[in-house]
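> This is a predicted model, with the sequence first.
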Amino acid sequence: MEKKRRLLLKATGIKLGTPVYIYDSKIIKEKCRELKKNLPGVNLYYACKANTNPEIIKLIYNEGFGIETVSPGEIKIAHKAGIPISKITFTCGSIDEKELVSVVKQGIRVHLDSLHQVEIFGQNFPGKEISVRLNLNIGAGYHSHVITEGPDSKFGIDISQIKQLKRLAEKYKLRITGLHQHIGSNILSVPIFLRAIDALFKTALLFPDLKHLDFGGGFGIPYKPKERRLDIKILGIKIKKTILNFIQKYGRKIKFSFEPGRYLVAEAGYLLVKVTDIKKNPTKTFVGVDSGLNHLIRPAMYGSYHEILNTSNAGSKKEKVTIAGNICESGDVFAKNRMIAKPKIGDILAIKNVGAYGYVMSSEYNSRPKPEEFMIIQNKIIKI
């Protein structure tokens, strides 16, 4: 299977030209169905900031997911993909009154992110129901930039401000019917998820009118070859047990949600690039390619690891090289001192696991155009 995939990627890179993003629809469907199977009875919303291509959003929606958005632009893309308002949620962050009011008037469920937002909501929509995002100080993630709870995080209403939150709600006769949390990104530990869920359940007992709890996302994938996968089956079993215990304590049933993003799309994506230059100095071999941090910023921004496959020469002896991009920045490096099958000029390299936070974070820096996007659908390559 790996050889077949490598040959397909090589042929695709040659046929379409490089750089180019390729997504495998089969992998996205498999990931969607895996979560649906292991989290039965839980509502799932795709955090579309991971990849906003309308065809990918449409594919995931057709697998039974709603769509979680974080901007008016993402809402427009979801509309373009045919997603009904009832299946869209919006998580606020440092937005102004005009944006907040506009989203609420569309009938989209909004998770308010600050006491100021609760005040704005109350002034414009007194007597309505609200959902709020809390910061319960349980942050996690692979890099400090993706930890979204704790004292250093800009997200959510701090747990110490619950009394103030309730006073504001009473002032404007708002009913707090939803609580939301999101602790971070690319988490591979089952215990961390359970700890965060338990914390939200404990806090939820302070709110008598709840209709839904949203645990956010953060389900991780293994970027490094020997990295252990998140055990979704075990997580699902433990979550089910925890939910049943909470319902018994709370005294009635409510709805529960997760917002997976990366987990659904990351492993489906490849960035195909071509070797354009090879240079050596006394200590290093630099392999230059026709792409850069303008197309995939994660290595430069987070120090992220992405496995790189030489699709043209996979069977050759491995060599330690540094894969460098074509952008005029010293930080424009995809991999440092990486052992890969010895590259030569013209080889097609596949940068793996770029389906999430790849194209969606790309730019035209250095006035170089963005790559095109294609999807593998039943062994056919379709432009999307």
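Thanks, I have it. Please read these numbers as outputs of a predicted model, since none were measured by experiment.

> Mind listing residues that contact stretch 237-252?
39-42, 190, 193-194, 197-198, 201, 204-205, 210, 253-254, 256 (Cβ atoms under 8 Å, 6 or more residues apart in numbering). In short, each C-beta sits where N, CA and C put it, glycine included.

> Give me the mean pLDDT for stretch 215-224.
For stretch 215-224, mean pLDDT rounds to 94.

> and it, how far out from the chain's middle?
Its chain's C-alpha centre and that of stretch 215-224 lie 8 Å apart, by Cα atoms, centre = their mean, to the nearest Å.

> Can you give me the buried ones in that stretch?
215-223 (16 or more other Cβ atoms under 10 Å).

> any idea how the chain splits into domains?
Domain ranges of the chain: 2-19+268-383, 25-265, per automatic domain parsing.

> so where's the longest helix in the chain?
helix 232-250 (DSSP state H).

> ok, then the element right after it?
Sequence-wise, the next helix or strand downstream of helix 232-250 (DSSP states H and E) is strand 255-258.

> So what touches that next one?
So strand 255-258 is in contact with 35, 39, 41-45, 211-217, 219, 243, going by Cβ under 8 Å, 6+ apart.

> residue contacts, residue 193?
187, 215, 218, 235, 239.

> Could you dump the residues you listed into TSV and include distance to residue 346?
Below are the contacts of residue 193 laid out as TSV (distance: Cβ to Cβ, whole Å):
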residue	distance to residue 346
187	39
215	47
218	40
235	44
239	49
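
> Pull the distance from the strand or helix carrying residue 277 to the chain's centre.
Element membership for residue 277 (DSSP H and E) is strand 269-280. Relative to its parent chain, strand 269-280 has a centroid offset of 26 Å by Cα atoms, centre = their mean.

> ok, now stretch 2-18?
Put simply, stretch 2-18 sits 26 Å off its chain's centre (Cα atoms, centre = their mean).

> List the buried residues for that stretch?
So, applying 16+ other Cβ under 10 Å, buried residues of stretch 2-18: 6, 8-10, 12-13, 16, 18.

> now the strands for the stretch 101-250 of the chain?
Listed in chain order, the strands of the stretch 101-250 of the chain (DSSP state E, counting those that start in this stretch) span 109-112, 129-135, 157-158, 175-180, 212-214.

> how about low-confidence regions in the protein?
Regions of the chain meeting the criterion pLDDT under 70 cover residues 1, 139-150.

> if we go to 90?
1-14, 92-94, 136-155, 182-187, 225-226, 313-316, 378-380 (pLDDT under 90).

> about what we covered before: Throw together a PyMOL command that grabs the buried residues out of the contacts of stretch 237-252.
Applied in PyMOL, the following selects the buried portion of these according to 16+ other Cβ under 10 Å:
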select buried, resi 39+42+190+193+197+201+204+210+254+256
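
> and the contacts of stretch 237-252, which of them are in helices?
Using DSSP H, these in helices are 190, 193-194, 197-198, 201, 204.

> related to what we said a few turns ago, I'd like the buried residues of stretch 2-18 laid out as JSON lines, including distance to residue 378 and secondary structure.
Shown next, in JSON lines, are those (distance: Cβ to Cβ, whole Å; DSSP: H, G, I helix; E, B strand; the rest coil):
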{"residue": "6", "distance to residue 378": "19", "secondary structure": "helix"}
{"residue": "8", "distance to residue 378": "12", "secondary structure": "helix"}
{"residue": "9", "distance to residue 378": "16", "secondary structure": "helix"}
{"residue": "10", "distance to residue 378": "19", "secondary structure": "helix"}
{"residue": "12", "distance to residue 378": "15", "secondary structure": "helix"}
{"residue": "13", "distance to residue 378": "20", "secondary structure": "helix"}
{"residue": "16", "distance to residue 378": "18", "secondary structure": "helix"}
{"residue": "18", "distance to residue 378": "24", "secondary structure": "coil"}
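
> got CSV for the residues you listed, with distance to residue 266 too?
Shown next, in CSV, are the buried residues of stretch 2-18 (distance: Cβ to Cβ, whole Å):
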residue, distance to residue 266
6, 19
8, 19
9, 16
10, 22
12, 19
13, 20
16, 21
18, 21
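
> follow-up on the earlier one: if we only consider the contacts of stretch 237-252, which is nearest to residue 174?
residue 210 (13.4 Å; Cβ to Cβ).

> The closest one against residue 175, yeah?
No. Contact between residue 210 and residue 175 fails when scored by Cβ atoms under 8 Å: they sit 9.5 Å apart.

> Who are the contact partners of residue 19?
Residues near residue 19 by Cβ under 8 Å, 6+ apart: 271-274, 289-291, 295, 371.
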